[in-house]
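Novice: What follows is a protein structure lacking sequence information:
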């Protein structure tokens, strides 16, 4: 199986979903109050998961001349709760435990994959953040944030077609600049009015060294 930053991100998403229910991975906040996974006996708050761009990304060569990457992958899970709740009715302590559970599991169990060498949880300033959704609905949105620093193998380097370099045959080339130097020879004693062309040097700069 090929391994790079994108495949590692997908592995992390899959692993997280084995640890906690996530209704969908989406940049948007959950639209409904309750998850489709709710039952008659248990109402479950709707949520969405988000994977943010990797941070502190670096690469190195191993002793076997292969490539290894290290990066911190930020994740968040956003839950929606009814606006009728007071702040103290929000399950903040349970969600703090959720973050602890994910980060502790990553540290103790690791992630079983040939692509991932190690996983380390990182500290966050606000592991659980609370705000109103800012709409007429005015529900509570509670955001759980956790960071995982991962050391991983790189066996495939990819570049999307829209970022590939231009074809040299279609790349615009600057117009050449011609520079000429003429050297005149005059008899002795020097008589400028009686000089004749001795040497002419021409240079063409195609601006390949800019």
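Specialist: Arrived safely. Since this is a predicted model, take the numbers as computed values, not measurements.
Novice: From the contact counts, what lies against the longest helix seen in the chain?
Specialist: The single longest helix within the chain, with elements called by DSSP state H, is helix 92-108. In terms of contacts (3 or more CB pairs under 8 Å, 6 or more residues apart in numbering; DSSP states H and E), helix 92-108 is packed against strand 116-122, strand 128-132, strand 140-154. For the C-beta atoms, the positions are set from N, CA and C on the backbone; glycine is no exception.
Novice: Not counting the first one itself, show me its contacts.
Specialist: Here strand 116-122 makes contact (CB atoms under 8 Å, 6 or more residues apart in numbering) with 8, 11, 68, 72, 102-104, 106-107, 110-111, 146-153.
Novice: domain assignment for the protein?
Specialist: When the chain is parsed with automatic domain parsing, its domains come out as 5-154, 174-210.
Novice: can you put the ones you listed in JSON lines and add distance to residue 166, mean pLDDT and mean neighbour count?
Specialist: Output for those, formatted as JSON lines (distance: least, CB to CB, whole Å; pLDDT from 0 to 100; neighbours: other CB atoms under 10 Å):
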{"stretch": "domain 5-154", "distance to residue 166": "25", "mean pLDDT": "94", "mean neighbour count": "15"}
{"stretch": "domain 174-210", "distance to residue 166": "14", "mean pLDDT": "54", "mean neighbour count": "9"}
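Novice: any chance of the ones you listed in TSV, with distance to residue 167 too?
Specialist: Shown next, in TSV, are the domains of the chain (distance: least, CB to CB, whole Å):
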stretch	distance to residue 167
domain 5-154	26
domain 174-210	17
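Novice: and residue 168, which of the ones you listed is closest to it?
Specialist: For these, proximity to residue 168 was assessed by CB to CB; domain 174-210 is nearest, at 11.2 Å.
Novice: Residue 167 and residue 41, how far apart?
Specialist: 63 Å (CB to CB, to the nearest Å).
Novice: again, but for residue 118
Specialist: Taken as CB to CB, the span from residue 118 to residue 41 is 40 Å.
Novice: Look up how far residue 75 lies from the residue most central in space within the chain.
Specialist: Centrality entry for the chain: nearest residue to the mean C-alpha point is residue 53, 3.4 Å, by CA atoms, centre = their mean. According to CB to CB, residue 53 and residue 75 sit 12 Å apart.
Novice: Then residue 98?
Specialist: Taking CB to CB, one finds residue 98 at 12 Å from residue 75.
Novice: what's the overlap in contacts for those two?
Specialist: Residues touching both residue 98 and residue 75 by CB under 8 Å, 6+ apart: none at all.
Novice: nearest to residue 161, of the domains of the chain?
Specialist: Comparing the domains of the chain by CB to CB, domain 5-154 comes nearest, at 15.6 Å.
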